[in-house]
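**Student:** Next one to model:
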Amino acid sequence: MEPNDIVARLDLAPMGRAQKLAVGIAIVLNILDGFDVLAISFAAPGIAADWRIAPAQIGVILSAGLVGMAIGALLLAPLADRIGRRPSMLLCLALMTVGMLASAASFSVVTLALCRILTGIGIGAMLPTATAAGAEYANARRRDLVVCILAVGYPLGGLFGGLASAELMSTFGWRAILAFGGIASAVTIPLVILGMPESIQYLVTHRGPGALERVNGVLVKLGHTPVDSLPRAANATPRANVIELMRSPIRNVTLQLTLSYFLVMLTFYFFSGWLPSIVASRSFEASVAIRLSAIFSVGGVVGGVCIGYLAQMIAMKALVAFFLIATTGMLCVFSGIPNELGLMIASSFVLGLFLFGAVTGFYAIFMQRFPTAFRATATGFATGIGRGGAVVGPLIGGLLLGLGFSAGQSIMVIAPAAALSALLLFAVRPPAAEAALAASRA
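**Tutor:** Numbers count the residues shown, from 1 in each chain. Model (predicted):
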């Protein structure tokens, strides 16, 4: 290791207080992201009652946010690889703040849908940007764990947001839910300004005027001694965007991981979206369906944390593949279990553990396989396209049930998708990505 190899030094050193603070803020950003995504779902019943609009119009409002998220992940996330992680996060927070506050003040379906698109753009770019920043602040030993905890922050935002929204709705109405999200986004801006210096990996990779001074300034904040010079410059860094990504050495790896992630998201949103209906089809009360959905989510949080800890001993790629194959097995089990509540509770928890654990592990793989110069761009591409699976999964479920398939048969049709995702993951050949990563540090 060269004396001035700053990235290697931070990878090997224990994480200091400033690094832990930066990671903590990144987790808060993902929790906020999770709340802002689902806030409109929490507010939807109040909107429908207040404006007296049909379910189809509510569907337009709900879908608008997803459209914005795809746009943000594909088009705005690459900015993090061009202007830096920190300014990109601040831009995302500004969009989320304006979008949420404007949503709270909307008085028509069209204006609310437009505001949700704006909010979604910020949300869609925030996830890959905050994940990249958190991963780059972590040392090598804790990186996979940090990324998995970052990913768990997303459903936690929905879980905590649901509890807060219930109180806000009953006391102040649906607009308070959206206003709360906007205020929370605004309050988070100073946290990023004060507690998240620019990523060292980004600064070392992209250089620019005053790079040495900027790097040393961050090193001092992180409790490390300054350096006299930067490591040997890498080859010219390409302009980070989706077009250049498709021309880069990591193109094939990106496409393979994107397709594998798409199948995971298809499976996840099929099951989570149709779980209440599947339970209701077995003659259980609505309260039981809600309880099983919550247990599925709790299992997911546990699975995300577990896979992060296990990654310190076992390769993440092998762990995710195992979780995916276990997901297929548990889907088959769930499709055939009798109408016994205890068995359904246990299987929902275990299925959530494996399925969301696999989703979480993908973010760690993205951080491993995508080099610094393209990390946010490639992650944004994979998650943006992967969100297509979030749309396709529930649609397939509706099609199968509409064709007369039983709930169990529908689950059996979807179950192989997780196993196919595992096979695609095994087919990913790391040398191409590893070579690109090595080149970026050469």
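**Student:** any idea how far residue 341 is from residue 295?
**Tutor:** Distance of residue 295 to residue 341, given as C-beta to C-beta, to the nearest Å: 11 Å. Where you see a C-beta, it was placed from the backbone N, CA and C, and this is true even at glycine.
**Student:** How about residue 254?
**Tutor:** 43 Å.
**Student:** what does residue 214 give?
**Tutor:** Separation of residue 214 from residue 341 (C-beta to C-beta): 58 Å.
**Student:** Please say which of those two ends up with more neighbours.
**Tutor:** Counted by other C-beta atoms under 10 Å, residue 214 and residue 341 do not tie: residue 214 has more neighbours, with 17 against 13.
**Student:** was I right about the more buried one contacting residue 198?
**Tutor:** Yes - with contact defined as C-beta atoms under 8 Å, residue 214 counts as touching residue 198 (6.9 Å).
**Student:** Report pLDDT for the spatially closest residue to residue 174 that is not a sequence neighbour.
**Tutor:** Once flanking residues are discounted, residue 174 sits nearest to residue 46: 3.0 Å by C-beta to C-beta, 6 or more residues apart in numbering. According to the prediction, residue 46 has pLDDT 87.
**Student:** what's around residue 46, how many residues?
**Tutor:** Neighbour count of residue 46, defined by other C-beta under 10 Å: 18.
**Student:** Next up, the contacts around it.
**Tutor:** Shown in contact with residue 46 (C-beta atoms under 8 Å, 6 or more residues apart in numbering): 169, 173, 174, 177.
**Student:** which SS state does it fall under?
**Tutor:** helix (DSSP: H, G, I helix; E, B strand; the rest coil).
**Student:** same check, this time on the one 10 residues further on
**Tutor:** Reduced to three states with three-state DSSP, the structure at residue 56 is helix.
**Student:** helix/strand/coil for the residue sitting furthest away from the middle of the chain?
**Tutor:** Distance to the chain centre peaks in the chain at residue 228, reaching 37.5 Å (criterion: C-alpha atoms, centre = their mean). What three-state DSSP gives for residue 228 is coil.
**Student:** Distance of it relative to residue 215?
**Tutor:** 11 Å.
**Student:** where does the stretch 201-350 of the chain dip in pLDDT?
**Tutor:** The model of the stretch 201-350 of the chain has pLDDT under 70 over residues 232-240, 273, 276-277, 280-281, 283, 285-290.
**Student:** could you redo the last one with a cut-off of 90?
**Tutor:** 201-254, 265-266, 268-301, 304-305, 308-309, 311-315, 334-345, 347-348 (pLDDT under 90).
**Student:** Break down it into its helices, ranges please.
**Tutor:** Secondary structure of the stretch 201-350 of the chain (DSSP state H, counting those that start in this stretch): helices located at 211-221, 242-247, 251-280, 286-310, 316-336, 341-369.
**Student:** Kindly reformat those helices as TSV containing distance to residue 60.
**Tutor:** Shown next, in TSV, are these (distance: least, C-beta to C-beta, whole Å):
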stretch	distance to residue 60
helix 211-221	44
helix 242-247	27
helix 251-280	18
helix 286-310	24
helix 316-336	31
helix 341-369	27
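**Student:** Looking at those, spot the one closest to residue 391.
**Tutor:** helix 251-280 (7.8 Å; C-beta to C-beta).
**Student:** Would you mind getting the angle between that closest one and helix 316-336?
**Tutor:** 20 degrees (axes from the mean of the first three to the mean of the last three C-alpha atoms, to 10 degrees).
**Student:** Against which helices or strands is helix 251-280 packed?
**Tutor:** On a contact count with 3 or more C-beta pairs under 8 Å, 6 or more residues apart in numbering; DSSP states H and E, helix 251-280 meets helix 286-310, helix 316-336, helix 341-369, helix 375-402, helix 407-414, helix 416-427, helix 430-441.
**Student:** Which of those sits closest to residue 204?
**Tutor:** Of all these, helix 430-441 sits nearest to residue 204, with 8.1 Å by C-beta to C-beta.
**Student:** Let me see the mean pLDDT of that closest one.
**Tutor:** Predicted confidence along helix 430-441 averages 44 (mean pLDDT).
**Student:** phi, psi of residue 224?
**Tutor:** phi -110, psi 160 (degrees, to the nearest 10).
**Student:** Run a quick check on it versus residue 14, I expect a contact.
**Tutor:** No - with contact defined as C-beta under 8 Å, residue 224 does not reach residue 14; the gap is 11.2 Å.
**Student:** higher neighbour count, those two?
**Tutor:** Between residue 224 and residue 14, counted using other C-beta under 10 Å, residue 224 has the larger neighbour count: 18 against 8.
**Student:** Show the contacting residues for that one.
**Tutor:** Counting by C-beta under 8 Å, 6+ apart, residue 224 makes contact with 9, 10, 13, 16.
**Student:** Who wins on neighbours among the residues you listed?
**Tutor:** Using other C-beta under 10 Å as the neighbour criterion, residue 10 leads those with 23 neighbours.
**Student:** Using CSV, write out the CA atom coordinates for the host helix or strand of residue 188.
**Tutor:** Secondary structure from DSSP states H and E places residue 188 in helix 174-195. What follows is helix 174-195 as a C-alpha-only set of coordinates in CSV (Å, rounded to 0.1, in the frame of the first residue of the first chain):
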residue,chain,number,x,y,z
TRP,A,174,-54.5,13.8,5.3
ARG,A,175,-52.6,17.0,4.4
ALA,A,176,-50.8,16.8,7.7
ILE,A,177,-49.1,13.5,6.7
LEU,A,178,-47.6,15.1,3.5
ALA,A,179,-46.7,18.3,5.4
PHE,A,180,-44.9,16.2,8.0
GLY,A,181,-42.8,14.5,5.3
GLY,A,182,-41.9,17.9,3.8
ILE,A,183,-40.9,19.4,7.2
ALA,A,184,-38.9,16.2,8.0
SER,A,185,-37.0,16.5,4.7
ALA,A,186,-36.3,20.2,5.3
VAL,A,187,-35.0,19.5,8.8
THR,A,188,-32.6,16.9,7.5
ILE,A,189,-30.9,19.4,5.1
PRO,A,190,-28.8,20.9,7.9
LEU,A,191,-27.8,17.4,9.1
VAL,A,192,-26.3,16.7,5.7
ILE,A,193,-24.6,20.1,5.5
LEU,A,194,-23.0,19.7,9.0
GLY,A,195,-22.4,16.0,9.3
